[in-house]
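Student: quick one: sequence plus predicted model below, questions after.
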Amino acid sequence: MSPRLHLGVFFTGVGPQLVWTDPAFSTHTHIDTFVATAQTLERGLFDAFFLGEGLRVRENRGRVHDLDVAGRPDAITQLAALAAVTERIGLVATQNTTYNFPADLARRLASLDAVSGGRAGWNIVTTDNAWTGENFRRGGWLPHERRYERAGAFVETAKALWGGTAVDRHDDLISVTAPPTVPARPVLFQAGDSAGGRDLAARHADVVFSANTDYDKAVAYAADLRRRLAGYGRSADSLRILPGAAVVLGDTPAQAAEKAAWIQREQVTGPRALAFLEQYWGKDLSGYDPDGPLPDIEPAEGELDPSRGTIAIEHRTGKAERIAGWRALAAERKLSIRDLVVEVTPQHSTFVGTPGQIADEWTRYVRDRAVDGFNILPQLLPGTIEDIVDKLVPELQDRGVYRTAYEGTTLRDHLDLPA
Ligand SMILES: Cc1cc2nc3c(=O)[nH]c(=O)nc-3n(C[C@H](O)[C@H](O)[C@H](O)COP(=O)(O)O)c2cc1C
């Protein structure tokens with residue numbers, strides 16, 4: 001049997017990849033958009049609809065970040081609503097193990113599994129920052145390595161409770177005395193790319209939501225993960241790998257490239273461009289016009305001042321040289337602040353082309369077993385999903401790598417995981 005591509009959509013509700021500035025894409029936090037998106041995905045025979053989790057709106061220098069004004073509605077609540085208006089698609093909630101509590105979260109996930117008829121998934125994350133913890137009584141209380149230790153103990157506790165075993169466990173990471181909860185077996189996803197994250201996936205996950213999307217990185221990641229799986233006595237086939245993928249389709253390659261460039265420009269709003277530069281300058285730049293020239297003041301001494309979740313910073317040292325280079329580039333090409341940020345920040349669109357081109361590329365990935373599918377990160381809603389379902393899915397079906405009907409009813413069935 002030829003390998004099969006599995007598809008999910010990772011819908012953040014808000015976030016750096018979504019375009020919201022154009023009125024055509026301004027309803028993406030509305031429940032109607034969630035319902036329409038999930039139903040379209042089901043028409044496209046997708047495995048899963050994912051929601052991200054952000055428990056605190058991001059800020060930059062004390063100001064709420066441009067893309068996070070609306071915050072994110074609670075994922076499990078939204079997915080429970082979607083369970084009522086869909087029949088087959090898997091419903092996956094990202095929920096962190098650092099600030100939640102195992103007995104409570106296990107019960108909420110089990111409830112989602114019950115109301116959806118076995119379609120629930122849990123995307124296990126540890127959350128990569130301490131400032132989220134400022135929202136919680138316990139605060140940002142765990143360093144990276146200990147977060148993964150707690151995650152392991154947390155998942156073991158949840159699994160025991162779902163399986164009908166009472167848990168009485170007390171140590172410095174988890175303290176719980178709980179009778180079994182609603183019986184369930186939600187599909188376990190894991191997202192987090194460090195060694196600790198990969199080990200957690202190898203021990204417990206059914207699916208990894210990977211950040212390794214480029215072909216070479218995907219091949220290396222799959223090999224690494226399979227080695228770790230073997231270390232835990234699991235077969236290579238017991239885990240699905242789905243990296244994130246931003247897709248821009250066009251009728252011609254040129255049209256797709258033009259659309260991708262337009263999306264990137266829309267993603268870099270004026271406040272976002274300023275927030276990006278503020279991390280380098282280490283100073284308040286809010287008085288500068290994003291469509292005007294680069295700041296004429298000198299940056300603060302010292303290295304970078306990363307903000308809370310604006311455009312990611314790839315290099316944490318060498319800021320003086322970088323700023324000098326940007327000034328030279330902006331002067332030479334007469335770039336505004338926003339032009340420059342568009343120019344020097346990475347593209348979010350990882351697959352840009354015609355449906356046929358992308359179907360060929362994905363077929364190669366899946367035949368080489370570099371991935372088991374992709375988690376699509378929509379940039380335009382509505383729009384991206386309809387295009388994928390109507391234009392890309394048929395190309396994948398023609399190549400024999402995508403289902404033509406749902407064969408089962410649960411998320412576990414869709415992912416070809418053991419019952
Ligand atoms: C593809 C991907 C998606 C993620 N989505 C979320 C999310 O929605 N919410 C969240 O709190 N963390 C998310 N994370 C981050 C996790 O919190 C993760 O634990 C964090 O990256 C730190 O772990 P690491 O050092 O192993 O990468 C995501 C990570 C990856 C790789």
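Tutor: Ah, there it is. Computed from a predicted model, the values in this text were never measured in an experiment.
Student: ok, D113 touching R185?
Tutor: Yes: the pair D113 / R185 is scored as a contact, 7.2 Å apart, by CB atoms under 8 Å. Any C-beta I mention is one placed from the backbone N, CA and C, and that applies to glycine too.
Student: any low-confidence regions in the stretch 151-300 of the chain?
Tutor: Counting by pLDDT under 70, the stretch 151-300 of the chain contains no low-confidence range.
Student: re earlier: which one's more surrounded, D113 and R185?
Tutor: Neighbour count, other CB atoms under 10 Å: between D113 and R185, D113 has more, with 25 against 16.
Student: which element is the more buried one on?
Tutor: Element membership of D113, judged by DSSP states H and E, is helix 102-115.
Student: report the rounded mean pLDDT for that helix.
Tutor: Across helix 102-115, the average pLDDT comes to 97.
Student: what comes up buried for it?
Tutor: By neighbour count on 16 or more other CB atoms under 10 Å, the buried set for helix 102-115 is P102, A103, L105, A106, R107, R108, L109, A110, S111, L112, D113.
Student: let's have these in a markdown table, adding distance to the ligand.
Tutor: Converted to a markdown table, those look like this (distance: CB to the nearest ligand atom, whole Å):
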| residue | distance to the ligand |
| --- | --- |
| P102 | 17 |
| A103 | 21 |
| L105 | 14 |
| A106 | 18 |
| R107 | 21 |
| R108 | 16 |
| L109 | 15 |
| A110 | 21 |
| S111 | 21 |
| L112 | 16 |
| D113 | 20 |
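Student: what is the nearest of those to Y288?
Tutor: Lowest distance from Y288 to the buried residues of helix 102-115 (CB to CB) belongs to L105, with 43.6 Å.
Student: sorry, back to before: just how off-centre is the next helix or strand after the helix holding D113 within its chain?
Tutor: Next helix or strand after helix 102-115 toward the C-terminus (DSSP H and E): strand 120-125. Relative to its chain's centre, strand 120-125 lies at 12 Å (CA atoms, centre = their mean, to the nearest Å).
Student: and strand 120-125, which strands flank it?
Tutor: Sheet partners assigned to strand 120-125 using DSSP bridges are listed as strand 90-96 (parallel), strand 187-190 (parallel).
Student: could you say what helices and strands the very next helix or strand once past that strand packs with?
Tutor: Downstream of strand 120-125, the next assigned helix or strand under DSSP H and E is helix 144-162. Secondary-structure packing of helix 144-162 (3 or more CB pairs under 8 Å, 6 or more residues apart in numbering; DSSP states H and E): helix 102-115, strand 167-170, strand 175-178, helix 195-204.
Student: return helix 144-162 as PDB; C-alpha atoms alone will do.
Tutor: Presented in PDB, the C-alpha positions along helix 144-162 are these (Å, rounded to 0.1, in the frame of the first residue of the first chain):
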ATOM      1  CA  HIS A 144      12.800  24.200  30.500                       C
ATOM      2  CA  GLU A 145      14.100  20.800  31.500                       C
ATOM      3  CA  ARG A 146      11.800  20.500  34.500                       C
ATOM      4  CA  ARG A 147       8.800  21.600  32.300                       C
ATOM      5  CA  TYR A 148       9.400  18.400  30.300                       C
ATOM      6  CA  GLU A 149       9.700  16.300  33.500                       C
ATOM      7  CA  ARG A 150       6.400  17.600  34.600                       C
ATOM      8  CA  ALA A 151       4.900  17.000  31.200                       C
ATOM      9  CA  GLY A 152       6.000  13.300  31.300                       C
ATOM     10  CA  ALA A 153       4.400  12.900  34.800                       C
ATOM     11  CA  PHE A 154       1.300  14.800  33.700                       C
ATOM     12  CA  VAL A 155       0.700  12.600  30.700                       C
ATOM     13  CA  GLU A 156       1.300   9.400  32.700                       C
ATOM     14  CA  THR A 157      -1.300  10.700  35.200                       C
ATOM     15  CA  ALA A 158      -3.800  11.500  32.500                       C
ATOM     16  CA  LYS A 159      -3.300   8.200  30.800                       C
ATOM     17  CA  ALA A 160      -3.900   6.300  34.100                       C
ATOM     18  CA  LEU A 161      -7.000   8.200  34.800                       C
ATOM     19  CA  TRP A 162      -8.500   7.600  31.300                       C
END
